[in-house]
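Q: Next input, structure requested:
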Amino acid sequence: MPDTTGEEMHDQVFIFCYFDVMTHDPDQIDKPITPPRRLSGQWFAWAAAVLLCIGAVGSFFIYHTRRHDLSHTALTRDFVPLRIPVQLVVPGRISLALTGDSAFQLWQVGQIQLRNDAGNLRFAGMAKGYGLNTLLVPPGADYRVTLSDGTEVWLNSSSKLRFPFNFPDHKREVYLEGEAWFKVTPNTQQLFEVHTPNTSVIVTGADFNLNAYDGERVRVSLVAGAVTIAGANGEERTLKPGMEAVYGDYNGFRTAPFDTATIRGWMKGEGYAINGQKLRDLKPIIERWFAVQVIFDKPEIANLTVAGPLEKNHLPAFLKAVETSSQARYYFAGNELHFSLP
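A: Numbers count the residues shown, from 1 in each chain. The predicted model follows:
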């Protein structure tokens, strides 16, 4: 039997199916059809053949499309940052770009005036029935928003904040996914609550960092004021300045002191001095900071330990350090950062 490639096999299946259907007796088309009393085994066999043909044709096109995509993906060692704008979504109204070429400075939404100034969104005016707005900060970016009560929120990369234009009289509530620094305006008559998928942080006025990238493991680091963290299991902890609580580890809370300068480093664009950490542990940070998808060409690469500086806006320097401190090599395929072995 002659050698048959995968492409030829798909072509042969397609041709076979085509002629199998078309070579049925054409004279049967004009004859009246009498419904059979029961379905024969031959009918089931014919139906199965048709389904097989459809599957083969679909596989043929998927196979060739995939081959086409791979063959046209340029492999390079050069990092080209992906520019995704910060977005503000006003429910049922509009979606606005806050960064990039289409970013606005002043915008009117009903009675609310929005001002986008140097990476900080401010707004004024009364709005009713708008629901919760959504501020979307993409990978590789950060952004600030000043809420209606004067509270300042600085969002890290790959984060989402939902908030109203105006708080009701009894409570101030926002919803966070990702990481943010909060400087909450004190108000003993109106509690401020930050909800994450797994906790609620309750304050009257405080400066704190909230890391909720992993919904199952939330870290609250308090610099000034007082906060109470309520877990999904009903357990609560109240923190003093200089202390942080991690919820999710050990089925509850774990508290410890922390370094204020380190916890706020991301706001200044500072990174980490990596020394002996595994690439798999750095994968989520790389993806958040540089808007790439990290792929290990072989599973064992994920366990390689590396050393070097990992800083925002300096991915090439980190990749050079990876190659110097380990056996890993790298290349880019579109928006994918691949780590391979020589």
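Q: how many neighbours does residue 271 have?
A: Using other Cβ atoms under 10 Å, residue 271 has 18 neighbouring residues. Where you see a C-beta, it was placed from the backbone N, CA and C, and this is true even at glycine.
Q: Nearest residue to it in space, please, no chain neighbours.
A: Counting by Cβ to Cβ, 6 or more residues apart in numbering, residue 271 lies nearest to residue 311, which is 3.3 Å off, once chain neighbours are set aside.
Q: For residue 244, pull up the helix or strand it's in.
A: strand 243-247 (DSSP states H and E).
Q: Just checking: what are the partner strands of that strand?
A: Next to strand 243-247 in the sheet, as set by DSSP bridges, lie strand 217-231 (antiparallel), strand 253-257 (antiparallel).
Q: State the mean pLDDT of the longest one.
A: In this model, strand 217-231 carries a mean pLDDT of 94.
Q: Let's see it as PDB, backbone CA atoms only.
A: Output of strand 217-231 as PDB, limited to C-alpha atoms (Å, rounded to 0.1, in the frame of the first residue of the first chain):
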ATOM      1  CA  ARG A 217      -6.800  33.600  49.000                       C
ATOM      2  CA  VAL A 218      -7.200  37.300  49.900                       C
ATOM      3  CA  ARG A 219      -4.500  39.500  51.500                       C
ATOM      4  CA  VAL A 220      -5.300  42.800  53.300                       C
ATOM      5  CA  SER A 221      -2.400  44.900  54.400                       C
ATOM      6  CA  LEU A 222      -3.200  47.900  56.700                       C
ATOM      7  CA  VAL A 223      -1.100  51.000  56.800                       C
ATOM      8  CA  ALA A 224      -3.300  53.500  58.600                       C
ATOM      9  CA  GLY A 225      -6.700  53.400  60.400                       C
ATOM     10  CA  ALA A 226      -8.600  50.200  61.200                       C
ATOM     11  CA  VAL A 227     -10.200  47.500  59.100                       C
ATOM     12  CA  THR A 228     -12.300  44.400  59.800                       C
ATOM     13  CA  ILE A 229     -12.100  41.500  57.400                       C
ATOM     14  CA  ALA A 230     -15.100  39.100  57.200                       C
ATOM     15  CA  GLY A 231     -14.600  35.700  55.600                       C
END
